[in-house]
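J.: mind looking at a prediction? Sequence and model below.
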Amino acid sequence: MNFLKWLDRNFELIIMGAAIVTITVIVFADVVGRSFFGTGITCVQELSRTCEIIIAAMGISYGVQTDKHIRVDLIQTFWPKTKKPLAVFGDIVVFVFCIFMSCNGLTKLKSALISQATTAVLEIPMFYIYLMMELGLVFAALRMVEKYVKRLYAAKKGGETA
C-alpha cells in the first residue's frame with residue numbers, strides 16, 4: 001500500500017524524469033558524435049520532440065496535483081477574500097478545459113489510428129504521440145477530481161482542507 005501511495009505522489013515525476021534523462025543522454029551523445037566522429041545520431045530531434053510532448057502532457061497533470069499551474073492572481077492580491085472562490089472557479093475552468101480538449105482529441109486519435117501515420121525517422125505510430133497528450137489531459141482531470149475528493153474527505157473528518 002505504501003508503494004501505491006508513493007506512486008500516486010510521484011507517477012508524473014517518474015515519467016517526466018525519464019523523458020528528461022532520455023533527452024539529456026541522446027543530445028549529449030549526438031553532440032559528442034558530431035564533435036569527435038563527424039556524424040550525429042539521426043533520430044535525436046524526433047526522439048527529443050517526442051520526449052518534450054511527454055513532459056508537457058505529464059506536466060499538466062503534475063501542475064494540477066501540486067496546485068502549481070499557471071493562474072492570474074491580480075484580483076486575489078487586491079481582494080484577499082476572493083482567493084478561495086476564484087481558486088475553485090479556476091479549477092473548474094481547468095477541469096472543463098481538460099475534458100473538452102480530451103474529448104476533441106479523441107477524433108485526432110481515431111484519425112491517427114485509421115491513417116496508420118508514423119514519425120519520419122523512428123516510425124513511431126502517431127497514435128502513440130497523440131495518446132500522450134490525451135493521457136496527460138485525462139490524468140489532469142482525474143487529479144482535479146482527486147484533489148476535491150481529498151478536500152471533502154478531510155472536511156468530513158473535521159481535518160484541515162488541503
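T.: Thanks, I have the structure now.
J.: any idea how far Ile55 lies from Lys83?
T.: For Ile55, the distance to Lys83 equals 30 Å [C-beta to C-beta, to the nearest Å]. Heads up, the C-betas are built off the backbone N, CA and C, glycines and all.
J.: neighbour-wise, which of those two wins?
T.: It is Ile55, of Ile55 and Lys83, that has more neighbours when counted by other C-beta atoms under 10 Å, with 21 against 13.
J.: quick one: secondary structure of the more buried one?
T.: Under DSSP: H, G, I helix; E, B strand; the rest coil, Ile55 falls in the helix class.
J.: which SS class is Val96?
T.: helix.
J.: which pLDDT value belongs to it?
T.: Listed pLDDT for Val96 reads 96.
J.: with Ala18 instead?
T.: pLDDT, Ala18: 98.
J.: so how many other residues sit close to it?
T.: Using other C-beta under 10 Å, the number of residues around Ala18 comes to 14.
J.: now for the chain, the helix or strand with the poorest mean pLDDT.
T.: The weakest-scoring helix or strand in the chain, judged by mean pLDDT, DSSP states H and E, is helix 74-78 (a mean of 80).
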